[in-house]
Every structure is written in C-alpha cells, then in structure tokens.
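# Please find the sequence and the predicted model below.
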Amino acid sequence: MENTDRPTTEAARPEWAGIDRLGTAELLRLLNAEDGTVAGAVARELPRIAVVVDAVAARMARGGRLVYAGAGTAGRLGVLDASECPPTFGTDPGRVVGLIAGGPAALVRAVEGAEDRPELAAADLAALALTPEDTVVGVSASGRTPYTVAAVGDARRAGALGVGLAGAAGSPLVAAAELGIEVETGPEVLAGSTRLKAGTAQKLVLNLISTAVMVRLGRTYGNLMVDVRAGNAKLRERARRIVVDITGADEETARRALAATGGEAKAAVLVVLAGVDAPAAARLLAATDGRLREALELAREPAREADD
C-alpha cells in the first residue's frame, strides 16, 4: 500500500518509470517541460512572498539580518543567495547569512545525517545571537527537514521572524513559522530528486526575496545596481556604465568621479550631478540611509531654497 503520508516531492509518477529507455532528446524535452511548470507555481505564491519581503525589509531597515537555513540543495541555495548579496548590493557579509546543516563542509560534500539533527540548528543560530529585528527563512522541499524546522522554531523563540519556504502544502516547517510560502512543484521526473523542480523553485523564490528586499532598502536606483562593489575589472566597468547611464556624463568624467569616491557608484553620481566632492557625497548618502534618489533630492534643497 502506498504511503499517503509521503510528501509530494517524494512521489513517483508511474508514467515516468521508463525514462531510462527514452532517447536523449526526448528525455531532455520531458525535463524541460517539467521545469516550465515551476514559474507558474512560484507565481501562485507571490502574495505571500510580498508579505515576507515587506516584513524582512522593515526589519533590515532597522539593522536586522536575513538568515537562510536549510540542508542539502536547499541549504546550498541559501548560502549562494547570501554570498551574492555583498558584490551585487554592497551589503556587509553579515547582513545576509546562509546556514547549511553540517556547516561549510556540506557545501561541497553531503554530510550524512546532519539534516536530522535539530540541535545543529540551535548551535548555528546561537552563534548568531539573534535579535527581534532578524529574520530566519527556513528552506526545505518536503517541509519536514528536522534541522530546518528547528531553525525556524528556534528563531521565533529568540524573538526573530521565522519564515518557512516549503515545496509541499501543510508542512511542519510552515506550521512552525510565522509566515509561510508553499511552492508546490509536485513529483520530480527523477523521483525524490528535489534538486530539480523544487530546487529551481527555491532559487527563484530566494532571488525574489533578496532582490525585492534590496530594492525596498534603496540598494538600487531604478533597475541599476548602484551599490555594486567594483572588485574586479568587469565590475569596475559596470560601475562606470552605471554612472554614465544615470548622469549622462562622458566616460572620462565618470572615471574621475569613481576614482575620487573609491569606486563607489552612488557617491560618484552625486559628485557629477550635485557638484559636490567625495566627502560631501558620503555625508549625503549617510543622511539618507544610502538611498541615492533621496540623496539627490537632499543635495538639490539648498539650490531650491536659494531660488526661493
């Protein structure tokens, strides 16, 4: 008799039992067709994701952190998203954190049994000394991973916001959370391999959360990454293009402004458009919590007052 308690992410579809006999092109079409269903599953959860984004952004604006916690693929995706926030949005590495059951070693090799140990989550979160302004997002395809469920529960007991991101409905993870997101992607073509559709859905949702939160926090100007950290040649060129696109200045002017501000694109924009020096640009940004649009408005106020 089939175990009806099994999460849908672990179910095996009988019509896919013969995939090992398919030709390569047909196998790829099947995998691709199933991947195509993921965006729709995520779209159905957008209202819940929006609530999470606003809650996280409000807490981060008050100095809080965004912490992802998961095991296996889910944990690795959380660490990936966290590690990409500093170069993309200029955040301090401690503001967005990824935790994976088994620690850093589990990023490259499975640490068997770590996901079944809730005490590991308690230790990982204790090391962070959570505050009520922090958010912990537990990520699990089944929504049952003990490490992840414990992380969300421990976060709430510490006064932080606990969010559950699961790939199945009615999961213990979402039950343990204050806010829940359930992206039901259904059985995998390769039964139980949740690095496939479920993993893709998790990646999409984490992209949505971190990107939208950073937009809400003023880490972009329009659709430009004005907080990008120009740590290599490609990113230095991107910073230059951003300054040119916003200010309309020529490339040499943009390069000089970036040189004066240590490569910080937002400050360079202020140097060009507001006609201030680098220290004054830094003060304007500090006064507006780093929001370039507001800093530009603040820089224009003396000129308006003089006109009045």
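Happy to help now that I have it. Residues are numbered from 1 along each chain as shown.
# going forward, measure contacts and count neighbours with C-alpha atoms only.
Noted.
# need the contact list for the residue nearest the centre of the chain.
Compute the mean C-alpha point of the chain, and by Cα atoms, centre = their mean the closest residue is residue 210, 3.2 Å away. The contact partners of residue 210, by Cα atoms under 8 Å, 6 or more residues apart in numbering, come to 53, 81, 85.
# For whichever strand or helix holds the last one, which outside residues touch it?
Secondary structure assigned from DSSP states H and E places residue 85 in helix 72-89. The contact list for helix 72-89, computed with Cα under 8 Å, 6+ apart, reads 68-70, 91-93, 96-101, 106-107, 110, 115, 139-141, 194-195, 199, 202-203, 206-207, 210, 214, 219-220, 225-231.
# in that helix, what's buried?
72-83, 85-89 (16 or more other Cα atoms under 10 Å).
# So for it, could I get the coordinates as PDB, restricted to C-alpha?
Output in PDB follows, covering the C-alpha atoms of helix 72-89 (Å, rounded to 0.1, in the frame of the first residue of the first chain):
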ATOM      1  CA  GLY A  72      21.400  19.800   1.200                       C
ATOM      2  CA  THR A  73      20.300  21.600  -2.000                       C
ATOM      3  CA  ALA A  74      18.100  24.000   0.000                       C
ATOM      4  CA  GLY A  75      21.000  24.900   2.200                       C
ATOM      5  CA  ARG A  76      23.400  25.400  -0.600                       C
ATOM      6  CA  LEU A  77      20.900  27.700  -2.400                       C
ATOM      7  CA  GLY A  78      20.600  29.800   0.700                       C
ATOM      8  CA  VAL A  79      24.300  30.100   1.100                       C
ATOM      9  CA  LEU A  80      24.600  31.000  -2.700                       C
ATOM     10  CA  ASP A  81      22.000  33.800  -2.400                       C
ATOM     11  CA  ALA A  82      23.600  35.200   0.700                       C
ATOM     12  CA  SER A  83      27.100  35.100  -0.800                       C
ATOM     13  CA  GLU A  84      25.900  37.100  -3.800                       C
ATOM     14  CA  CYS A  85      24.400  40.000  -1.900                       C
ATOM     15  CA  PRO A  86      27.700  41.800  -1.000                       C
ATOM     16  CA  PRO A  87      29.000  42.100  -4.500                       C
ATOM     17  CA  THR A  88      25.600  42.800  -6.000                       C
ATOM     18  CA  PHE A  89      24.100  45.200  -3.400                       C
END
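# mind checking how far stretch 90-108 is from the chain centre?
Put simply, stretch 90-108 sits 12 Å off its chain's centre (Cα atoms, centre = their mean, to the nearest Å).
# Extract the C-alpha set from it and format it as CSV.
C-alpha atoms of stretch 90-108 as CSV (Å, rounded to 0.1, in the frame of the first residue of the first chain):
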residue,chain,number,x,y,z
GLY,A,90,27.1,46.3,-1.4
THR,A,91,25.8,44.7,1.8
ASP,A,92,28.1,43.8,4.7
PRO,A,93,28.7,40.0,4.6
GLY,A,94,27.0,39.7,8.0
ARG,A,95,23.7,41.2,6.9
VAL,A,96,22.6,38.2,4.7
VAL,A,97,23.7,34.9,6.1
GLY,A,98,23.4,31.3,4.8
LEU,A,99,23.4,28.4,7.2
ILE,A,100,23.6,24.8,6.0
ALA,A,101,23.2,21.7,8.1
GLY,A,102,26.7,20.2,8.6
GLY,A,103,28.5,23.5,8.2
PRO,A,104,30.7,24.8,5.3
ALA,A,105,31.9,21.2,4.5
ALA,A,106,28.4,20.4,3.5
LEU,A,107,28.6,22.9,0.6
VAL,A,108,30.8,20.5,-1.5
